[in-house]
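Peer 1: Here you go, sequence then predicted model.
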Amino acid sequence: MPNRNITLDVSKIKMAIRAGIPLSITTYTLPRDMVEYMEAVLSAFLKELNQSSMNEYLRYCLNELVTNSKKANTKRIYFKEKGLDITDDAQYEKGMKNFKQDTLGDIKRYMNMQRAAGLYVKFILQTRNNKIKLEVRNNSEMTFREYKRIHDKLSRAQQYTSVDQAMNQILDDSEGAGLGIIIMILMLEKVGLTEENYQVLCENGETITRIILPINEKSQKELSVVSHEFVKLIDNLPQFPENITRINNLLDDPNAKMSEIASIISSDVSLATDLLRLVNSAAFALASPCRSISEAVKLVGIHGIKNMLLSIASINELSRLGDGVDEKKSIRKDMWIHSYRVAFYAYNLAKNFYPTSATIAEDSYICGLLHDMGKLIFEAVHPLMNERMKSVCVKKDISTDVFERLVAGVNHGEIGALIAEKWNFPEVITNVIRFHHDPELAAPEHKATANIIYLADMLAHFQREEVDFYQFDKEVLNSFHITTQSQLKMISEKLASEFAKEPF
């Protein structure tokens, strides 16, 4: 039965775009309202990316691909019912003679049989690395004959220059993967793509049809320009605190004495108190409480103390931003709790999966704490800057929609990294903030930390049921030897249980 209760959740679409995670819709019978829902998701997805010009063409492609996937599933049921071997050429020809007539005349029964057999059609959308990936999958693996037929059609599509020319040719219409695929390739050519952007493959028992589209270059440049202009316009963003800068310079001095460093930190009562509170937090799980700065420096080490000081100063400075905007305070509080959670998870993941590297654990904590720095800053100050940013967009002939995309959280990694650069943060922090949603783009020497922050962040969203297991990056999961949802849930529950002991 068609599902009449499907509603479009634009907030999940926005989050998927912001985090570069896939959106997936699975159906067994492909009723009309499910196709309409898929089209609505595609339309909203493209709108959020400012790529609505592709909508008409991609909607045609989507319809063609999901229809072909459903037919492929129906074909498996039909051949099995008739006792025919779909991989045998002679039996294939025999079965296809009446396939369309027999199944269309009894389509409801065949759809019910497909559901019972667990044969699905899956639609997946994702944007990452300035590309859009549209996939349609079904779990009926193609035969060699079907694979060859599709590639013959792809080759034939190159002979035509227009849809009309293709329509005028006499094509075999015994299967859906004929004229439709040729028209689809011609549609893609209208948005500047070639058959190279269209892939058909079989993998792990699935037939996968994939379209890869580069996001409009002009749109990417405009987003980058607006992000840089936004950072420039933050007048009330201070330089990094002088006392922290002075202590960090001392920490970088190989001739500096530990006692001298401890003495300077101790002379700043507020800073010393914050540092001891952080050292003694549950995240670092010390065997016994640390009671002095000298002891803290010895226990945590120079690199760890430096990161902790950066954390404390960043929290203090970022917390002051936007204090006059009362309606935003609860949002900022939620963001900080999320940041503390990610930092806690990241530190513990690093300690468990990289037990021999204290540096990765220390870097993971501060990167987790500051991973959403761009979002925190934006949430704090953008209500006061709307008119100024719109004025910048008009002056630079950029649509104000680009600014609205920033409001939705797009490019917050870049904004956070620009602030980190302004404050002269270490490269690892800047790099991980920039690529915490795209860890594969992080510098090789920082990739382990980027993977940790990605996983910690996704686990926090997973616990709030904002993402599903399928949306986790499989390469990142593999790097932690996580292959099943039950493994992920076990790690998630353990971390959540420990974090619940943290006071807020």
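Peer 2: Received the coordinates, thanks. Numbering: from 1, shown residues only.
Peer 1: Going by residue numbers, what spans are strands in the chain?
Peer 2: Here the chain has its strands, by DSSP state E, at 23-27, 121-128, 131-138, 198-203, 206-214.
Peer 1: Redo those strands as CSV? Include mean pLDDT.
Peer 2: CSV is the format used below for the strands of the chain (pLDDT from 0 to 100):
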stretch, mean pLDDT
strand 23-27, 95
strand 121-128, 94
strand 131-138, 94
strand 198-203, 88
strand 206-214, 90
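Peer 1: Of these, flag the one that's most buried.
Peer 2: Burial of the strands of the chain is given as mean neighbour count (mean count of other CB atoms under 10 Å); strand 121-128 ranks first at a mean of 21. C-beta: built from backbone N, CA, C; applies to glycine.
Peer 1: any idea how far Asp397 is from Asn216?
Peer 2: Using CB to CB, to the nearest Å, Asp397 is found at 15 Å from Asn216.
Peer 1: Neighbour count: these two, which is higher?
Peer 2: Asn216 (17 against 7; other CB atoms under 10 Å).
Peer 1: Sketch out the low-pLDDT regions of the protein for me.
Peer 2: Applying pLDDT under 70 to the chain flags residues 1-5, 160-178, 194-195, 235-238, 321-331, 383-384, 408, 503-504.
Peer 1: Can you pull the domain assignment for it?
Peer 2: Under the assignment automatic domain parsing, the domains of the chain span 10-215, 220-237+321-499.
Peer 1: how about these in JSON lines, adding distance to Ala283?
Peer 2: Shown next, in JSON lines, are those (distance: least, CB to CB, whole Å):
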{"stretch": "domain 10-215", "distance to Ala283": "24"}
{"stretch": "domain 220-237+321-499", "distance to Ala283": "5"}
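Peer 1: related to what we said a few turns ago, looking at the strands of the chain, which is closest to Ala272?
Peer 2: Evaluated with CB to CB, these place strand 121-128 nearest to Ala272, the distance being 43.4 Å.
Peer 1: For that closest one, which strands pair with it and how are they oriented?
Peer 2: strand 23-27 (antiparallel), strand 131-138 (antiparallel) (DSSP bridges).
Peer 1: returning to what we had before: just the domains of the chain: most buried one?
Peer 2: domain 220-237+321-499 (a mean of 19).
Peer 1: and that domain, how far from the chain's centre?
Peer 2: Between the centre of domain 220-237+321-499 and the centre of its host chain there is 11 Å, according to CA atoms, centre = their mean, to the nearest Å.
Peer 1: Serialize the strands paired with strand 121-128 to a markdown table and add fields for distance to Ala296.
Peer 2: Formatted as a markdown table, the strands paired with strand 121-128 follow (distance: least, CB to CB, whole Å):
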| stretch | distance to Ala296 |
| --- | --- |
| strand 23-27 | 45 |
| strand 131-138 | 46 |
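Peer 1: Which of these sits closest to Ala16?
Peer 2: Among these, strand 23-27 sits nearest to Ala16 (CB to CB), with 4.8 Å.
Peer 1: Out of the strands of the chain, flag the one nearest Asp274.
Peer 2: Using CB to CB, the strands of the chain put strand 121-128 closest to Asp274, at 37.3 Å.
Peer 1: can I get the CA coordinates of that closest one in CSV?
Peer 2: Extracted in CSV, the C-alpha atoms of strand 121-128 (Å, rounded to 0.1, in the frame of the first residue of the first chain):
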residue,chain,number,x,y,z
VAL,A,121,14.9,0.1,-4.8
LYS,A,122,17.1,2.6,-3.0
PHE,A,123,17.6,6.2,-3.9
ILE,A,124,20.7,8.0,-2.4
LEU,A,125,21.7,11.6,-2.5
GLN,A,126,24.9,13.1,-1.2
THR,A,127,27.1,16.2,-1.6
ARG,A,128,30.7,16.1,-0.8
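Peer 1: Return the distance of Ala272 relative to Cys290.
Peer 2: Taken as CB to CB, the span from Ala272 to Cys290 is 12 Å.
Peer 1: and if you look at Ile77?
Peer 2: Ile77 is 67 Å from Cys290, by CB to CB.
Peer 1: still on that earlier bit, quick one: which of the strands paired with strand 121-128 is nearest Leu318?
Peer 2: In terms of CB to CB, the element of the strands paired with strand 121-128 nearest to Leu318 is strand 23-27, at 30.9 Å.
Peer 1: From the chain's centroid, how far away is that closest one?
Peer 2: Worked out by CA atoms, centre = their mean, strand 23-27 lies 16 Å from the chain centre.
Peer 1: Contacts for it, please.
Peer 2: Residues outside strand 23-27 that contact it (CB atoms under 8 Å, 6 or more residues apart in numbering): 12-13, 16, 34, 37-38, 41, 45, 120-126, 468, 470-471.
Peer 1: again, but for stretch 484-494
Peer 2: 459, 462-463, 469, 472, 477, 482.
Peer 1: ok, Glu421 touching Thr430?
Peer 2: Yes - shown here, Glu421 and Thr430 form a contact pair, counting by CB atoms under 8 Å, at 5.6 Å.
Peer 1: can you give me the helices in the stretch 351-500 of the chain?
Peer 2: 358-370, 373-381, 386-395, 400-407, 412-422, 427-434, 447-463, 474-479, 485-499 (DSSP state H, counting those that start in this stretch).
Peer 1: Only C-alpha atoms, please: export the fifth one in CSV.
Peer 2: The C-alpha coordinates for helix 412-422 follow below in CSV (Å, rounded to 0.1, in the frame of the first residue of the first chain):
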residue,chain,number,x,y,z
HIS,A,412,30.8,26.5,8.9
GLY,A,413,34.0,24.4,8.8
GLU,A,414,35.7,27.0,6.5
ILE,A,415,34.5,29.9,8.7
GLY,A,416,35.8,28.1,11.9
ALA,A,417,39.2,27.5,10.1
LEU,A,418,39.5,31.1,9.1
ILE,A,419,38.9,32.2,12.7
ALA,A,420,41.5,29.6,13.9
GLU,A,421,44.0,31.1,11.4
LYS,A,422,43.3,34.6,12.6
